[in-house]
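Enquirer: coords please:
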Amino acid sequence: MKIIIAIVIFSAIILFHELGHFLFAKLNKIVVTEFSLGMGPRLYSFEKGDTRYSLKLLPIGGSCAMVGEDMEDDSENSFNSKGVWARFSVIFAGPFFNFVLAFVFSIIILGNAGIDMPEVVQVSAGQPGAAAGIKEGDMVKSIDGHKISIGREITTYLQLHPLSGDTVAVKVERDGKEQTINIDPDYKTYLFGFGYSSDEKVKPTVSDVTDKGAFQKAGIKANDVILSVNGTRVSNCEELTKAMETAKTGKEVTFEVDRKGKKMTFKVTPTPYEGKTLGFVAGKDEMKGPGAVLKYSVIEVKYWIETTVASLGQLVRGKVSRNDVSGVVGIVDAVGGVIDQSVEYGVKAVIINMLYMSVLLSANLGVMNLLPLPALDGGRLVFILIEAVRGKPIDREKEGFVHVIGFFLLMILMVLIMFNDIWKIIH
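Expert: This is a model prediction of the structure:
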């Protein structure tokens, strides 16, 4: 079922991309010889007018074949017989339709799940954000001059611009007024190496211990219930959090725990840790009116376009490894993982998360197709723009040859990525 859902999503995105080419070709009175979904041998097809509509075996692509697209053919209603900007619109329509599809899906998502507002929802005590004056409820407006419109932009920006130790200027809106808070991200603390529930009212039970961490070395185990910290009694996770803040001095700390009804005492020496963090979390889903939904749907698509472009830049600069690159197999695996994580929250959660995946994939496909590479829409647009500048087209056969070579290289790349996806899944 997961594979079928992934194929349906992928196919719908490709079909809408090709529909853009198809509709603009028809609009410019260009004959479309075949409109197909998939690649390889035909499974089913029928003809209507001048066009054959086909469903092909491999659901990893699609095509909108037009008369004269890659050859010397200037006959009436051929691709080459049309003006420069008519041809430009036909080629550009594919990626543009991907952005339109991402926009439509975003409207559905934001209208049902709310808008990811960049509101500070958690400030970690003792960390740089709290020390600088960040407060819960602050609305983040920018980081080091980079405008922030949605919560996820903060995480993405910090991934692309890792904290270096320099002061970070965070502009926030508080009580209707904007102010800039300078945060020193250098953070020093002591780690005890254990986890517990985020629900403040439940018993302070150790949920896990870090391998070779301070708790494990001292002998405390998962499922132990903490009774006191340095003599201070704790009965819930909220009290434990407060007690832990006062215990992070680097000195030995005494923990009393209950292990299956038996009280035990442990001496724990925390591990020094130095890192860099802003020390706050921002992102809160809020339901808004239709106007805001439309506005933020545009911002959502813009976010994914910018993120894709930035990621490609990271890849070119060698800052992204091959494990961060995925093809069709990787996408199917990712869709399956999202379904597994969403299913316990109900059908609506699964649908919303599938739409999120569709927005991501559609925006990605739009950007990737605009890359100025042979066989891609971007490569074709380059030839058209060159023609517009020089006043005459490049030899059609030479252009067609370049695109054919580019197509075969693209197929080789797709195969390599597919094997890389399989390798990652196996290992």
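Enquirer: element containing residue 256, please.
Expert: Using DSSP states H and E, residue 256 falls within strand 253-259.
Enquirer: And the contacts of that strand?
Expert: Applying Cβ atoms under 8 Å, 6 or more residues apart in numbering, the contact partners of strand 253-259 are 192, 206, 218, 220-221, 223-231, 247, 263-270. All C-beta atoms are positioned from the backbone trio N, CA, C, and that covers glycine.
Enquirer: again with stretch 349-359
Expert: Counting by Cβ under 8 Å, 6+ apart, 5, 9, 12-13, 101-102, 105-106, 108-109, 112-113, 300-301, 304, 334-335, 338-339, 341-343 sit against stretch 349-359.
Enquirer: circling back: of the contacts of strand 253-259, buried ones?
Expert: 192, 206, 218, 220, 224-229, 247, 266, 268, 270 (16 or more other Cβ atoms under 10 Å).
Enquirer: Adding distance to residue 287 and secondary structure, write the residues you listed out as CSV.
Expert: Below are those laid out as CSV (distance: Cβ to Cβ, whole Å; DSSP: H, G, I helix; E, B strand; the rest coil):
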residue, distance to residue 287, secondary structure
192, 39, coil
206, 37, coil
218, 47, helix
220, 43, coil
224, 41, coil
225, 39, strand
226, 38, strand
227, 42, strand
228, 43, strand
229, 40, strand
247, 40, helix
266, 47, strand
268, 45, strand
270, 42, coil
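Enquirer: Which two of the residues you listed have the greatest separation?
Expert: Using Cβ to Cβ, the buried ones among the contacts of strand 253-259 span at most 20.1 Å, a distance reached by 225 and 270.
Enquirer: quick one on the thing from earlier: least confident of the buried ones among the contacts of strand 253-259?
Expert: Within the set of the buried ones among the contacts of strand 253-259, pLDDT is lowest for residue 247 (85).
Enquirer: That residue - nearest residue in space that isn't next to it in sequence?
Expert: Once flanking residues are discounted, residue 247 sits nearest to residue 253: 4.7 Å by Cβ to Cβ, 6 or more residues apart in numbering.
Enquirer: Distance check, that neighbour against residue 214.
Expert: 9 Å (Cβ to Cβ, to the nearest Å).
Enquirer: Overlap of the contact sets of those two?
Expert: Joint contacts of residue 253 and residue 214 (Cβ under 8 Å, 6+ apart) are 192, 268, 269, 270.
Enquirer: residues in contact with the third one?
Expert: Contacts of residue 269 were listed using Cβ under 8 Å, 6+ apart, and they are 214, 218, 251, 252, 253.
Enquirer: pLDDT score for it?
Expert: 93.
Enquirer: now residue 423
Expert: If you check residue 423, the pLDDT there is 73.
Enquirer: so how many other residues sit close to it?
Expert: Burial of residue 423 is recorded as 12 neighbouring residues (other Cβ atoms under 10 Å).
Enquirer: And for residue 176?
Expert: 6.
Enquirer: how near is it to residue 140?
Expert: Counting by Cβ to Cβ, the gap from residue 176 to residue 140 is 15 Å.
Enquirer: what comes up buried for the strand holding residue 256?
Expert: 253, 255, 256, 257, 258.
Enquirer: Which of the three states applies to the residue nearest in space to the middle of the chain?
Expert: Residue closest to the average C-alpha location in the chain (Cα atoms, centre = their mean): residue 360, at 6.0 Å. Following DSSP: H, G, I helix; E, B strand; the rest coil, residue 360 is assigned to helix.
Enquirer: State the distance from it to residue 54.
Expert: 28 Å.
Enquirer: ok, now residue 293?
Expert: For residue 293, the distance to residue 54 equals 37 Å [Cβ to Cβ].
Enquirer: what's the answer for residue 36, then?
Expert: Taken as Cβ to Cβ, the span from residue 36 to residue 54 is 4 Å.
Enquirer: shared neighbours of these two, anything?
Expert: In contact with both residue 36 and residue 54: 42, 45, using Cβ under 8 Å, 6+ apart.
Enquirer: can you give me the helices for the protein?
Expert: 2-27, 84-113, 128-132, 152-160, 214-218, 237-247, 290-316, 328-342, 347-369, 377-390, 396-426 (DSSP state H).
Enquirer: how about the first one: buried residues?
Expert: Applying a neighbour-count criterion of 16+ other Cβ under 10 Å, one finds 5-7, 9-11, 13-22, 24-25 buried in helix 2-27.
Enquirer: And for the fifth one?
Expert: Counting neighbours by 16+ other Cβ under 10 Å, one finds that the buried residues in helix 214-218 are 214, 215, 216, 218.
Enquirer: Closest to residue 404 out of those?
Expert: Distances from residue 404 to those, taken by Cβ to Cβ, are shortest for residue 216, at 59.9 Å.
Enquirer: What number of residues are in the vicinity of residue 412?
Expert: 10.
Enquirer: cool, and residue 30?
Expert: With other Cβ under 10 Å as criterion, residue 30 counts 24.
Enquirer: Am I right that residue 105 is in contact with residue 363?
Expert: No. With contacts counted by Cβ atoms under 8 Å, residue 105 stays clear of residue 363, the gap being 9.7 Å.
Enquirer: okay, the two: which has more neighbours?
Expert: Shown here are residue 105 and residue 363; by other Cβ under 10 Å, residue 363 has more neighbours (28 against 25).
Enquirer: Just the buried residues of stretch 266-286, please?
Expert: Across stretch 266-286, burial judged by 16+ other Cβ under 10 Å covers 266, 268, 270-271, 276-284.
Enquirer: Distance from that stretch to the middle of the chain?
Expert: 24 Å (Cα atoms, centre = their mean, to the nearest Å).
Enquirer: Pull up the distance across it, start to finish.
Expert: 45 Å (Cα to Cα, to the nearest Å).
Enquirer: From residue 382, how far out is residue 262?
Expert: In terms of Cβ to Cβ, residue 262 sits 74 Å off from residue 382.
Enquirer: Between these two, tell me which one has more neighbours.
Expert: More neighbours surround residue 382 than the other of residue 262 and residue 382, with 15 against 7 (other Cβ under 10 Å).
Enquirer: For this protein, give me the ranges with low pLDDT.
Expert: Applying pLDDT under 70 to the chain picks out residues 1-2, 70-71, 319-335, 413-414, 417-418, 420-422, 424-425, 427.
Enquirer: Thank you, goodbye.
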